[in-house]
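Colleague: sequence? don't have it. structure:
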């Protein structure tokens with residue numbers, strides 16, 4: 001039996017149901033999908049669908065900077081200062097609302113069309129940490145890293161994952177988070193792992209077998225394969241679980257029914 005998705009736990013408590021229950025998927029697990037999140041592309045799905053980034057902050061960044069400079073020239077807490085402060089607050093609200101609206105639309109579309117969604121367990125706070133360093137050990141490429149940090153935070157990856165979690169729970173689906181290690185460096189055809197496989201941001205070229213694919217799409221398929229491994233073998237990280245997950249992945253893509261591949265899962 002699988003643990004009940006977190007958004008449904010309070011309902012289980014209200015109905016006095018056990019904390020763990022058999023997960024009944026509303027659709028075939030052939031509808032499972034892996035998602036690679038990025039900056040150049042907001043989300044690349046393993047089935048080839050791409051969602052472009054909204055970049056709500058970038059679109060209004062210059063206007064926001066202009067309004068903040070106007071605020072700095074006003075006497076603090078004066079009437080004009082308060083009016084200008086309200087304009088900046090409204091601009092921040094506009095940026096946040098636009099981002100939230102986009103994330104809701106994308107997460108709703110994905111959760112309604114897939115039974116299992118696999119994402120990377122990204123540590124956004126670590127990825128967006130400052131590269132400034134210290135006086136003794138100053139950082140490198142601080143300006144470029146600062147721009148990347150703003151772009152990462154502008155995407156709203158963490159909020160997107162939360163939305164997927166509770167929306168999939170409402171629909172009887174399942175969200176799986178996997179270790180992001182080497183998902184962008186692993187060949188989706190032969191499994192070879194090498195940093196040289198991805199020499200550019202957009203293209204993936206395996207140095208072992210010559211396989212070529214869009215880098216984000218290849219990563220999304222690796223994420224889906226890792227999700228199948230975790231789904232079948234819980235959180236085991238050994239080679240046997242990875243092999244079994246890959247076999248399930250291939251069987252599902254070949255058209256095998258989820259009931260035959262994973263007999264412990266009831267499918268409507």
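Modeller: Great, that's in hand. Note that this is a predicted model, so its numbers are computed, not measured.
Colleague: Can you tell me how far the residue nearest to residue 32 when sequence neighbours are not counted is from residue 230?
Modeller: Nearest residue to residue 32, sequence neighbours excluded (Cβ to Cβ, 6 or more residues apart in numbering): residue 116, at 3.8 Å. All C-beta atoms are positioned from the backbone trio N, CA, C, and that covers glycine. Distance, residue 116 to residue 230, using Cβ to Cβ, to the nearest Å: 11 Å.
Colleague: which of those two has more neighbours?
Modeller: residue 116 (25 against 19; other Cβ atoms under 10 Å).
Colleague: Check which helix or strand residue 219 maps to.
Modeller: Secondary structure from DSSP states H and E places residue 219 in helix 215-233.
Colleague: what helix or strand is the nearest residue to residue 75 once chain neighbours are set aside on?
Modeller: Take residue 75 and drop its neighbours on the chain: the residue closest to it by Cβ to Cβ, 6+ apart is residue 81, 6.0 Å away. Assessed by DSSP H and E, residue 81 sits inside helix 79-113.
Colleague: State the separation between that helix and the centre of the chain it belongs to.
Modeller: Helix 79-113 has its C-alpha centroid displaced from the chain centroid by 20 Å (Cα atoms, centre = their mean, to the nearest Å).
Colleague: Packing partners of it?
Modeller: Where contact means 3 or more Cβ pairs under 8 Å, 6 or more residues apart in numbering; DSSP states H and E, helix 79-113 is packed against helix 56-72, helix 157-170.
Colleague: Of all those helices, which one is nearest residue 150?
Modeller: helix 56-72 (6.8 Å; Cβ to Cβ).
Colleague: Which secondary structure element of the protein has the lowest mean pLDDT?
Modeller: Within the chain, confidence by mean pLDDT, DSSP states H and E is lowest for strand 20-21 among all helices and strands, at a mean of 38.
Colleague: which phi and psi does the nearest residue to residue 177 once chain neighbours are set aside have?
Modeller: Distances taken as Cβ to Cβ, 6+ apart place residue 121 nearest to residue 177, at 4.1 Å, with adjacent residues excluded. Per-residue torsions, residue 121: phi -80, psi 70 (degrees, to the nearest 10).
Colleague: cool, and residue 149?
Modeller: phi -60, psi -40.
Colleague: Show the model's pLDDT score for it.
Modeller: pLDDT recorded at residue 149 is 89.
Colleague: For it, grab the count of nearby residues.
Modeller: Residue 149: 16 surrounding residues under other Cβ under 10 Å.
Colleague: could the helices and strands packed on helix 79-113 go into CSV alongside mean neighbour count, mean pLDDT and distance to residue 207?
Modeller: Output for the helices and strands packed on helix 79-113, formatted as CSV (neighbours: other Cβ atoms under 10 Å; pLDDT from 0 to 100; distance: least, Cβ to Cβ, whole Å):
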stretch, mean neighbour count, mean pLDDT, distance to residue 207
helix 56-72, 14, 94, 35
helix 157-170, 19, 95, 30
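Colleague: and the ones you listed as a markdown table, adding distance to residue 38?
Modeller: Compiled in a markdown table, the helices and strands packed on helix 79-113 are given as follows (distance: least, Cβ to Cβ, whole Å):
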| stretch | distance to residue 38 |
| --- | --- |
| helix 56-72 | 15 |
| helix 157-170 | 9 |
